[in-house]
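S.K.: okay, predicted coordinates and the sequence, questions at the end:
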Amino acid sequence: MKKNSFKNNLAYPVLVIVVICLVISSILVYVQGITDPIITKHKAEAAKAARIEVLSDADDFEKIEMELPEGVIDVYKAKNGAGFVITTKAIGYDSSGLVVMCGIRADGTISKVKNLENSETPGLGSKVKEEPYTSQYDNKDKSLSGVESIAGVTRSSKAFEKAVSIAFDIFETVKEGK
């Protein structure tokens, strides 16, 4: 009969796996600590660039801190009074929704809209993020008259339009400083 040594015992492989997991977890925490501030900085820079893209007359932005209604992600006011940039979300065909950034000038017309997140059906619902569709919102007012849905992509088109309508609703609130 052989003596049961620690290495032949079931406890040894379990201990090795636990040590490996602890080392790998420690490395992952360390790497995240290094990369997280860099990722956060790049996301902030990308968001600022997107705000400038949709409201090019603005010089800089200040975030409006308020309780936001459902569907509104954030609201920024141009420091020079050019207007507001409002990011909203509406549910389309895919339940994760469309995230739309809308630049609204101080006179209540759209400067430009930009689709930030879109997980709609590739080739169909994803068409709402393309230029021919988004450019029809330029210079429109709250009525959005003349905006047409994309044939075969009605649910996604309506969700995009709803996201823009939500932006106009919050615009009416923030422009008066309520």
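M.R.: Happy to help now that I have it.
S.K.: make it CA atoms for all contacts and neighbour counts henceforth
M.R.: OK.
S.K.: in the protein, what helix or strand scores lowest on average pLDDT?
M.R.: Averaged element by element with mean pLDDT, DSSP states H and E, the chain has its least confident helix or strand at helix 131-134 (a mean of 84).
S.K.: so which elements touch that helix?
M.R.: Counting contacts by 3 or more CA pairs under 8 Å, 6 or more residues apart in numbering; DSSP states H and E, helix 131-134 is packed against strand 110-118.
S.K.: each with direction, which strands does the strand it packs on pair with?
M.R.: strand 98-105 (antiparallel) (DSSP bridges).
S.K.: alpha carbons of the least confident helix or strand of the chain, as PDB, please.
M.R.: Only the C-alpha atoms of helix 131-134 are listed here, as PDB (Å, rounded to 0.1, in the frame of the first residue of the first chain):
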ATOM      1  CA  GLU A 131     -26.700  59.700 -43.300                       C
ATOM      2  CA  PRO A 132     -29.700  59.700 -45.700                       C
ATOM      3  CA  TYR A 133     -32.000  59.000 -42.800                       C
ATOM      4  CA  THR A 134     -30.400  61.200 -40.100                       C
END
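S.K.: distance between that helix and the chain's centre?
M.R.: Offset of helix 131-134 from its chain centre (CA atoms, centre = their mean, to the nearest Å): 19 Å.
S.K.: check the chain for its longest helix and report it.
M.R.: Assignment by DSSP state H gives helix 11-54 as the longest helix of the chain.
S.K.: after that one, next one along is what?
M.R.: strand 61-63 (DSSP states H and E).
S.K.: and that next one, what does it pack onto?
M.R.: Strand 61-63 packs on strand 72-78, going by 3+ CA pairs under 8 Å, 6+ apart.
S.K.: angle of the strand it packs on against helix 11-54?
M.R.: Computed by axes from the mean of the first three to the mean of the last three CA atoms, to 10 degrees, the angle separating strand 72-78 from helix 11-54 equals 40 degrees.
S.K.: quick check: mean pLDDT of whichever helix or strand comes after strand 72-78?
M.R.: Next in sequence after strand 72-78, counting helices and strands by DSSP H and E, comes strand 83-90. Mean per-residue pLDDT for strand 83-90: 94.
S.K.: in the sheet, which strands lie alongside strand 83-90, parallel or antiparallel?
M.R.: Partners of strand 83-90, by DSSP bridges, with direction: strand 72-78 (antiparallel), strand 98-105 (antiparallel).
S.K.: next, format those strands as TSV and append mean neighbour count.
M.R.: Formatted as TSV, these follow (neighbours: other CA atoms under 10 Å):
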stretch	mean neighbour count
strand 72-78	20
strand 98-105	28
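S.K.: dump the ones you listed into TSV; add mean pLDDT and distance to residue 147 as well.
M.R.: Supplementary listing: the strands paired with strand 83-90 in TSV, determined by pLDDT from 0 to 100; distance: least, CA to CA, whole Å:
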stretch	mean pLDDT	distance to residue 147
strand 72-78	94	21
strand 98-105	92	15
